[in-house]
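Visitor: Below are the sequence and a predicted model; questions follow.
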Amino acid sequence: MLASYLDDRILEVKKSSKPVTSQSLAVLAALNIADELFQERRKRGDLKQRIRDRSRALIAYLDKEVKARLVSN
């Protein structure tokens, strides 16, 4: 599966660039794959931060509501 993915990426690079050596194609494909990886890691980190922020906000809201109900009882 990985080899097939790499082959596909090499073909994409080959189609979008001038004729280059096989080694250059492999390096360009590797750079593109590394760029994808870093973008996905950044997206995952951003998502984790948003989840943490919303979780903290929800916990703060629930704490406030619980305290308000305890005081009113």
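Guide: Okay, I see it.
Visitor: From here on, just use CA atoms for contacts and neighbour counts.
Guide: Noted.
Visitor: Now do the lengthiest helix in the chain: which elements does it pack against?
Guide: In the chain, taking DSSP state H as the definition, the longest helix is helix 22-72. The contact analysis (3 or more CA pairs under 8 Å, 6 or more residues apart in numbering; DSSP states H and E) places helix 22-72 against helix 2-16.
Visitor: Any idea which helix or strand in the protein has the lowest mean pLDDT?
Guide: Lowest mean confidence among the helices and strands of the chain (mean pLDDT, DSSP states H and E): helix 2-16, at a mean of 93.
Visitor: Extract the CA atoms of that one and return them as PDB.
Guide: C-alpha atoms of helix 2-16 as PDB (Å, rounded to 0.1, in the frame of the first residue of the first chain):
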ATOM      1  CA  LEU A   2       2.800   2.400   0.900                       C
ATOM      2  CA  ALA A   3       4.700   1.500  -2.300                       C
ATOM      3  CA  SER A   4       1.600   2.200  -4.300                       C
ATOM      4  CA  TYR A   5       1.100   5.500  -2.600                       C
ATOM      5  CA  LEU A   6       4.700   6.500  -3.300                       C
ATOM      6  CA  ASP A   7       4.400   5.400  -7.000                       C
ATOM      7  CA  ASP A   8       1.300   7.500  -7.300                       C
ATOM      8  CA  ARG A   9       3.100  10.500  -5.800                       C
ATOM      9  CA  ILE A  10       6.100  10.000  -8.100                       C
ATOM     10  CA  LEU A  11       3.800  10.000 -11.100                       C
ATOM     11  CA  GLU A  12       2.200  13.200  -9.900                       C
ATOM     12  CA  VAL A  13       5.500  14.900  -9.600                       C
ATOM     13  CA  LYS A  14       6.600  13.500 -13.000                       C
ATOM     14  CA  LYS A  15       3.500  14.900 -14.700                       C
ATOM     15  CA  SER A  16       3.900  18.400 -13.100                       C
END
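Visitor: Mind listing residues that contact it?
Guide: Contact with helix 2-16 is made by 20, 25-26, 28-29, 33, as judged by CA atoms under 8 Å, 6 or more residues apart in numbering.
Visitor: for it, which positions count as buried?
Guide: By 16 or more other CA atoms under 10 Å, the buried positions in helix 2-16 come out as 9-10, 13-14.
Visitor: any idea which of these is closest to Leu70?
Guide: Arg9 (60.4 Å; CA to CA).
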